[in-house]
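Undergrad: sequence plus the predicted model coming up.
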Amino acid sequence: MHLRFYNHERILGSGPNATVVYAVERRGSTSGAGFGNIIVYDNLLRLGVETDSPIIGRNQGMGVGSSLAENSGLTNCQLVFTAGKYNGSSLAVQGLFPVAPLETVFERAITGGTGRFRLARGYLLTTEVRSTSTTLTGQLDAYITFPAASPDGYMHLRFYNHERILGSGPNATVVYAVERRGSTSGAGFGNIIVYDNLLRLGVETDSPIIGRNQGMGVGSSLAENSGLTNCQLVFTAGKYNGSSLAVQGLFPIAPLETVFERAITGGTGRFRLARGYLLTTEVRSTSTTLTGQLDAYITFR
């Protein structure tokens, strides 16, 4: 499947309407690619190159200046479709973003997806086609494939994420790595949180511990209503002890009982070559804790 659309960015330093900001500015760089820098972005996806072309989604993600030569950066992003045929679906992308002239074509991997893009794999070609003093427009060509249907369906695992929330004191399992903007949820644009939550068999706090949810979240929404998460669900007891699942996707700021989906992009141990999706439902909250039901649907196609 081939999809073409356009990334419309208001560049770093272009003023209060910029869609790219520094989370960490370790070294000055007009491109943001200074070694050790971290940028966060929430760019519009449009059907065409013109600024009045219909909006079909958003490109929410982060980039890390990962080159000593300062000529590239590692990007993780979610292409979230908000209109049209793929409304409510998303693609997970990872790869290097070079600092290069217009019309340079570069490739990143599509590692998974949600909604109509569940189990997606493929590659994303990006060509920067237009720039001004404040904007950069890129043509995105997504080439997507899906595995053949499996008669075995999905393996289903249910367990619970037990979090001691941001700001809940010395025992908090979520902390700010970067607090660029104040936010009770951590979703302030450009913020970065890190977490190490317990995974338990049940919703109760004395339920057996079976693992840990270790990861990071980036406030990647200008509206401050969601964040990009990358995490590893690490099993430390039971049948899957020593194995883990890799997860990427957006985490919305939403009421209890809201169900949202992220992609399972891989795994280790007994989950080698795993793919699938993770449904999260926050089911209980107190002034210091948040408990989420996690339903992992896993396949090895």
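TA: Perfect, thanks for sending it. Being a predicted model, the structure only gives us computed values, none of them experimental.

Undergrad: shaky segments in the chain?
TA: Along the chain, segments meeting pLDDT under 70 span 29-31, 149, 151, 183-185.

Undergrad: look at R26 and give its secondary structure.
TA: For R26, the assignment made with DSSP: H, G, I helix; E, B strand; the rest coil gives coil.

Undergrad: which residues touch T289?
TA: 162-165, 168, 205 (Cβ atoms under 8 Å, 6 or more residues apart in numbering). (Glycine included, C-beta is placed from N, CA and C.)

Undergrad: who wins for neighbours among those residues?
TA: H162 (23 neighbours; other Cβ atoms under 10 Å).

Undergrad: give me the distance between the nearest residue to A237 once chain neighbours are set aside and A274.
TA: Computed as Cβ to Cβ, 6 or more residues apart in numbering, the closest residue to A237 that is not its neighbour in sequence is I210, at 4.8 Å. Going from I210 to A274 by Cβ to Cβ, to the nearest Å gives 17 Å.

Undergrad: pretty sure the residue nearest to A237 is touching G238, no?
TA: Yes - with contact defined as Cβ atoms under 8 Å, I210 counts as touching G238 (5.4 Å).

Undergrad: looking at the two, which is more packed in?
TA: I210 (22 against 13).

Undergrad: please identify the helix or strand for the more buried one.
TA: Element membership of I210, judged by DSSP states H and E, is strand 209-218.

Undergrad: for the next helix-or-strand element following that strand, which strands pair with it and how are they oriented?
TA: Next helix or strand after strand 209-218 toward the C-terminus (DSSP H and E): strand 226-235. Within its sheet, and counting by DSSP bridges, strand 226-235 is paired with strand 209-218 (antiparallel), strand 244-252 (antiparallel).

Undergrad: the last one: what's the following helix or strand?
TA: For strand 244-252, the following helix or strand on the C-terminal side (DSSP H and E) is strand 259-268.

Undergrad: measure stretch 254-262 end to end?
TA: Criterion Cα to Cα, to the nearest Å; first-to-last residue distance in stretch 254-262 is 15 Å.

Undergrad: wait, stretch 142-160
TA: End to end - Cα to Cα - stretch 142-160 spans 34 Å.

Undergrad: list the buried residues for that stretch?
TA: 142, 144, 154, 157, 159-160 (16 or more other Cβ atoms under 10 Å).

Undergrad: farthest-apart pair in the residues you listed, please.
TA: Using Cβ to Cβ, those reach their maximum pairwise distance at A142 and Y160, which is 34.5 Å.

Undergrad: beta partners for V105?
TA: T127.

Undergrad: stretch 222-242: how far from the chain's middle?
TA: Chain-centre distance of stretch 222-242: 11 Å, with Cα atoms, centre = their mean, to the nearest Å.

Undergrad: before we move on, back to that, mind listing what's buried in the strand holding I210?
TA: Buried-residue list, strand 209-218, by 16+ other Cβ under 10 Å: 210-218.

Undergrad: re the thing from before, from the buried residues of stretch 142-160, which land in strands?
TA: 142, 144, 157, 159-160 (DSSP state E).

Undergrad: residue contacts, T173?
TA: Counted by Cβ under 8 Å, 6+ apart, T173 has contacts 162-164, 195-198.

Undergrad: let's go with 7 Å and repeat that
TA: With contact set as Cβ atoms under 7 Å, 6 or more residues apart in numbering, T173 has these partners: 163-164, 195-197.
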